[in-house]
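Peer 1: Show me how the following folds:
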Amino acid sequence: MPTPITINVKNMSSTPQSFFFFQAPAIYSGGTNVYTNSLYTQTLLPYSTSGAVLTFSLILQFLAGVQQQVSPPVVGQPSGQLAASQPIGLTPAAGGTPTNNTTTMLLPSLGLTVPVSTQGPQAGSFRIITPPYNPVLQSYNAGSAIQTVSGGVTLSNFVTATPNSNLDCQPVLQFYVATGTYTPGTVMNFTSSSATAALCDATPGYTTFNVAYNADGTWSVTPFALFSLSDADDWSGIVPGPNAEVRNEAGTATISTGSAANFLSPVTVTNLSNPNAIQVYGEYPVGPTGGPYRGLMCTSNAAGTAIFS
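Peer 2: Got it, this is the predicted structure:
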């Protein structure tokens, strides 16, 4: 079963509020302007008088997506129609197990082929190959899609496809909640909306976020429920950035940072910034950037990688 991400929202203000959800744009190679779509929107009554909680859940399954453009993308307008999507893997790091990381867009009836494994895309990305076509007659959007637990699929972020080319897409596992109303599939302004939105960062492995919209217009976000990347489908291509901290034994300072696929014991932290500060059989608080941390013993430290149990 693919792992779900769940975002629970409480409206702690005194008036009804409309909220919408969106994802951070992927990193694209082979496109120009990157656009973001709203994923879900709903009005929520004050929690103090209704007890209402708004829940948005999506599946951690990477999807390549394409759709016809009705017109060039415009904020506040639907991005397109007649979408197609395919579950797809991410390119592994060097030496990793190959994944089915490449799909080809089909025309004239819009579709995507079943993904196959290729060696061209960069680590952490998937590839959409576009065929030759006349962009004057018809334009297409291509990028990263998401599926909700109810089965609906939305093109989360995208670029205008270029004919007869390779489009590489590296998804970013960061999700936002903002006040306002954008119908799912509608283009929104990521830069302005994200500046005042609640960030739910799933990069460290969090799968559940409790979000409160406070009376003063600020947000409170509590992440929890860590998962292992090996528990999810087609996640072998993920290349985590620095998302782990090793603190000194007193827990008062960070002595090294690194990358961890999960924080379930034993925890393996790679690409350590300061491996010499970590002693085998020493006990250290270890966890995602900013915590929470757990006291663990270092059982191995070699070649920039430490294991904590």
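Peer 1: which strands and helices sit next to the longest strand seen in the chain?
Peer 2: Longest strand in the chain by number of residues (criterion: DSSP state E): strand 54-68. Applying 3 or more C-beta pairs under 8 Å, 6 or more residues apart in numbering; DSSP states H and E, one finds that strand 54-68 contacts strand 4-11, strand 40-44, strand 81-87, strand 111-112, strand 126-130, strand 140-148, strand 153-160. Glycine gets a C-beta too; all of them are placed from N, C-alpha and C.
Peer 1: Residue 58 bridge partners, please.
Peer 2: residue 5, residue 148 (DSSP bridges).
Peer 1: how is the chain carved up into domains?
Peer 2: 4-225, 244-308 (automatic domain parsing).
Peer 1: For the last one, give the distance from the opening residue to the closing one.
Peer 2: The straight-line separation of the ends of domain 244-308 (C-alpha to C-alpha, to the nearest Å) is 12 Å.
Peer 1: quick one on the thing from earlier: so for residue 197, which of the helices and strands packed on strand 54-68 sits nearest?
Peer 2: strand 4-11 (11.5 Å; C-beta to C-beta).
Peer 1: What angle do strand 140-148 and that closest one make with each other?
Peer 2: Interaxial angle, strand 4-11 versus strand 140-148 (axes from the mean of the first three to the mean of the last three C-alpha atoms, to 10 degrees): 80 degrees.
Peer 1: list the buried ones in the helix or strand just after strand 4-11?
Peer 2: Remark: after strand 4-11, the chain's next helix or strand is strand 17-23, criterion DSSP states H and E. Residues of strand 17-23 classed as buried: 17, 19, 20, 21, 22, 23 (neighbour count, 16 or more other C-beta atoms under 10 Å).
Peer 1: Please render those as TSV that adds distance to residue 221 and pLDDT to the earlier fields.
Peer 2: Output for the buried residues of strand 17-23, formatted as TSV (distance: C-beta to C-beta, whole Å; pLDDT from 0 to 100):
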residue	distance to residue 221	pLDDT
17	16	97
19	13	98
20	16	97
21	13	97
22	15	97
23	15	96
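Peer 1: For stretch 268-277, which residues meet the burial criterion?
Peer 2: 269, 270, 271, 272, 275.
Peer 1: pretty sure the third one contacts residue 260?
Peer 2: Read that as residue 271. No - in this structure residue 271 lies outside contact range of residue 260 using C-beta atoms under 8 Å: 9.8 Å.
Peer 1: Could you save the helices and strands packed on strand 54-68 as CSV and add columns showing distance to residue 282?
Peer 2: CSV is the format used below for those (distance: least, C-beta to C-beta, whole Å):
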stretch, distance to residue 282
strand 4-11, 34
strand 40-44, 46
strand 81-87, 42
strand 111-112, 50
strand 126-130, 40
strand 140-148, 41
strand 153-160, 42
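Peer 1: quick one: contacts for the closest residue to residue 20 other than its chain neighbours?
Peer 2: Once flanking residues are discounted, residue 20 sits nearest to residue 41: 4.0 Å by C-beta to C-beta, 6 or more residues apart in numbering. Contact analysis of residue 41 by C-beta atoms under 8 Å, 6 or more residues apart in numbering lists 18, 19, 20, 21, 180, 181, 182, 183, 184.
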